[in-house]
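Peer 1: Okay, structure incoming, though there's no sequence with it:
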């Protein structure tokens with residue numbers, strides 16, 4: 001079972017991804033940034049004419065809540081377990097509650113902007129990390145791509161992390177068995 005626990009490996013302990021892993025990372029990066037592009041497109045109309053938050057903004061909430069703990073813990077070397085998801089949920093729930101108390105609906109500009117800005121930050125970071133990981137062949141999790149780049153630029157070794165969820169771990173393992181790296 002996937003865990004959000006931070007389990008950093010020693011520098012150089014993981015193999016760099018091969019061509020298939022890099023293409024998958026690139027694809028995930030493009031998908032994430034495509035979603036970010038959509039969010040930017042709706043920035044000036046977060047509430048539709050019927051008074052509802054636009055569907056595109058709602059679409060990223062569940063994936064975002066699933067991913068935020070991985071992004072924070074692995075990407076920023078934190079051992080906060082599920083707390084990033086808990087705090088994100090609480091902040092968005094408070095915004096919804098304030099909207100309900102002040103406007104008798106949860107679908108207010110406050111909640112819409114809160115979700116939008118949270119998703120824009122999360123998916124921008126994720127998309128850029130995937131693309132960077134594909135370009136520089138970051139071993140393991142894409143959330144360590146910025147650390148890997150820092151290590152390459154400064155010569156200071158940084159820790160690595162195995163991909164905890166998704167297809168990247170199995171793809172990297174398959175490529176290693178095939179000697180495709």
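Peer 2: Arrived safely. Remember, predicted model here, so these are calculated numbers, not experimental data.

Peer 1: Check the protein and tell me which residue is nearest its centre.
Peer 2: Taking Cα atoms, centre = their mean, the centroid of the chain lies closest to residue 126, which sits 3.7 Å from it.

Peer 1: Find the nearest non-adjacent residue to that residue, please.
Peer 2: residue 32 (4.8 Å; Cβ to Cβ, 6 or more residues apart in numbering). Yep, even glycine has a C-beta here, placed from its N, CA and C like the rest.

Peer 1: if I look at the residue lying closest to residue 45 once chain neighbours are set aside, how far off is residue 43?
Peer 2: With Cβ to Cβ, 6+ apart as the criterion, residue 45 has its nearest non-adjacent residue at 6.7 Å, and that residue is residue 54. In this view, residue 54 and residue 43 are 10 Å apart by Cβ to Cβ, to the nearest Å.

Peer 1: Those two: who's more crowded?
Peer 2: residue 54 (17 against 12; other Cβ atoms under 10 Å).

Peer 1: pretty sure that one contacts residue 47?
Peer 2: Yes. Here residue 54 reaches residue 47: they are 7.2 Å apart, a contact under Cβ atoms under 8 Å.

Peer 1: who touches both of the two?
Peer 2: Contact criterion Cβ atoms under 8 Å, 6 or more residues apart in numbering; residues shared by residue 54 and residue 47: residue 112.

Peer 1: Show me the longest helix that occurs in this protein.
Peer 2: Of all the elements of type helix in the chain, the one with the most residues (DSSP state H) is helix 109-136.

Peer 1: on contacts alone, who are the packing partners of that helix?
Peer 2: Contact analysis of helix 109-136 by 3 or more Cβ pairs under 8 Å, 6 or more residues apart in numbering; DSSP states H and E lists helix 19-41, helix 55-59, helix 61-75, helix 83-103, helix 145-154 as its packing neighbours.

Peer 1: among these, which is nearest residue 177?
Peer 2: Closest of the helices and strands packed on helix 109-136 to residue 177 is helix 19-41, at 12.0 Å (criterion: Cβ to Cβ).

Peer 1: just checking, what packs against that closest one?
Peer 2: Taking 3+ Cβ pairs under 8 Å, 6+ apart as the contact cut, helix 19-41 packs with helix 55-59, helix 109-136, helix 168-178.
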